[in-house]
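**Q** dropping a prediction and its sequence here:
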Amino acid sequence: AQMRQMEADQEFGAGQQVLVQLSDETRRMATERMRTDFIANASHELRTPLASIIGYIETLQGHARDDEAARIHFLDIMSQQAARMQRLVEDLMSLSRIEMDARSTPTTPCDLSRIVLEVTDGMQPLAQRRKATLQVTFGQETAGIVADRDQIGQVLSNLIENALKYGGEGGTVRVFRTEADSRFPGMIGVGVSDDGPGIGREHLPRLTERFYRVNAKQSRAQGGTGLGLAIVKHILARHGGELDVASVQGLGSTFTAWLPLHTQDEAA
Ligand code: ADP
């Protein structure tokens, strides 16, 4: 009986090992799939504006060569398309830099209140251009976090930029402090809310996927790359934080960046 038990143990052990190997293999394949999808998406996003630029160059070299009005118009479009490619390349570089940093945790104590103040001050001109009101009620009371300042700045500017872009003209974007949420114990949140059209429930879980857009045409028209929230998610994860999204169609959306609070002495 003992012998049979040993055989059974061995078999069970071997079986378990096969299972583990299978799930490793499945995970490896899923990762590989994500990587190839990502490369395909990125190439497609770059190819479209590039094809347009090449098309206009050919037109300008051909029949539109001596057409002053066409030249001005086409150069304008080419410059917009080149700017789009530039934004995309910058976002792709940000993403890969964050991924490379992912293994190291941030070490600099800083005050979230000051970061919020700096970023929101810098974004007032954009709000004005969008005829929107950017209302900041985060307050100046110290909120100690340990972070990469620039990256947290990028999280906030991505969220505020989205609220201004999708919130609709003439709307109000609020940036506020939120704390003591039982879902995020020991964390402090920066909430960014807009009174735009909101986002359908079915889209919410997918918003932070690379290149996922609710409305691709609208996103492109607004100069979006589809990478903003993926960047936000990666940065927050690196800081031990989280992104929370709440949205009601017709009423607006609230994106909250949650970060672990550190005591004042640490953040001095
Ligand atoms: P994009 O460059 O397209 O803005 P993001 O990753 O920043 O990419 O956002 C992904 C998508 O989420 C957007 O295309 C948009 O459809 C949706 N979205 C993001 N923020 C908001 C918001 N405040 N209100 C409505 N939709 C939003």
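**A** Sure, I can see it.

**Q** okay, now the unreliable bits of the stretch 1-150 of the chain?
**A** 1-21 (pLDDT under 70).

**Q** in it, what residue is nearest the ligand?
**A** residue 91 (7.9 Å; Cβ to the nearest ligand atom). C-beta coordinates here come from the backbone N, C-alpha and C atoms, glycine included.

**Q** measure the residue nearest to that residue when sequence neighbours are not counted to residue 132 for me?
**A** Using Cβ to Cβ, 6 or more residues apart in numbering and skipping residues adjacent in sequence, the residue nearest residue 91 is residue 227, 4.1 Å away. Separation of residue 227 from residue 132 (Cβ to Cβ, to the nearest Å) stands at 23 Å.

**Q** check contacts around residue 227.
**A** 88, 91, 92, 94, 95, 210, 211 (Cβ atoms under 8 Å, 6 or more residues apart in numbering).

**Q** just to be sure, the second one is in a helix?
**A** Yes - with DSSP: H, G, I helix; E, B strand; the rest coil as the criterion, residue 91 is assigned to a helix.

**Q** and the gap between it and residue 184?
**A** 27 Å.

**Q** got it, and the fourth one?
**A** Taking Cβ to Cβ as the measure, residue 94 and residue 184 are separated by 25 Å.

**Q** what segments of this structure are helices?
**A** 2-61, 68-101, 112-129, 149-166, 216-221, 228-238 (DSSP state H).

**Q** can you list these in CSV and add distance to residue 247 and mean neighbour count?
**A** Shown next, in CSV, are those (distance: least, Cβ to Cβ, whole Å; neighbours: other Cβ atoms under 10 Å):
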stretch, distance to residue 247, mean neighbour count
helix 2-61, 24, 12
helix 68-101, 23, 14
helix 112-129, 20, 16
helix 149-166, 10, 21
helix 216-221, 15, 13
helix 228-238, 13, 21
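
**Q** so which of these gets nearest residue 137?
**A** Proximity to residue 137, assessed across those by Cβ to Cβ, is greatest for helix 112-129 (10.1 Å).

**Q** how far off helix 149-166 does that closest one point, in degrees?
**A** Interaxial angle of helix 112-129 relative to helix 149-166 (axes from the mean of the first three to the mean of the last three Cα atoms, to 10 degrees): 30 degrees.

**Q** around the ligand, pick out the residues from the chain.
**A** 162-163, 166-167, 194, 196, 199, 207, 212-215, 219, 224-230, 253 (Cβ under 6 Å from any ligand atom).

**Q** and the nearest residue to residue 149 once chain neighbours are set aside, how far from residue 143?
**A** Leaving out its chain neighbours, the residue that sits closest to residue 149 by Cβ to Cβ, 6+ apart is residue 110, at 5.5 Å. The gap separating residue 110 from residue 143 is 9 Å, by Cβ to Cβ.

**Q** what does residue 155 give?
**A** In terms of Cβ to Cβ, residue 155 sits 14 Å off from residue 143.

**Q** with residue 126 instead?
**A** 24 Å.

**Q** repeat for residue 258
**A** Residue 258 is 12 Å from residue 143, by Cβ to Cβ.

**Q** so what sits against both of the two?
**A** In contact with both residue 258 and residue 143: residue 188, using Cβ under 8 Å, 6+ apart.

**Q** give me the nearest residue to the most centrally placed residue in the chain, chain neighbours excluded.
**A** Most central in the chain under Cα atoms, centre = their mean is residue 229, positioned 1.9 Å from the mean C-alpha point. Excluding the flanking residues, the one nearest residue 229 by Cβ to Cβ, 6+ apart is residue 208, at 4.6 Å.

**Q** wait, isn't the one you found in contact with residue 231?
**A** No - contact between residue 208 and residue 231 fails when scored by Cβ atoms under 8 Å: they sit 9.1 Å apart.
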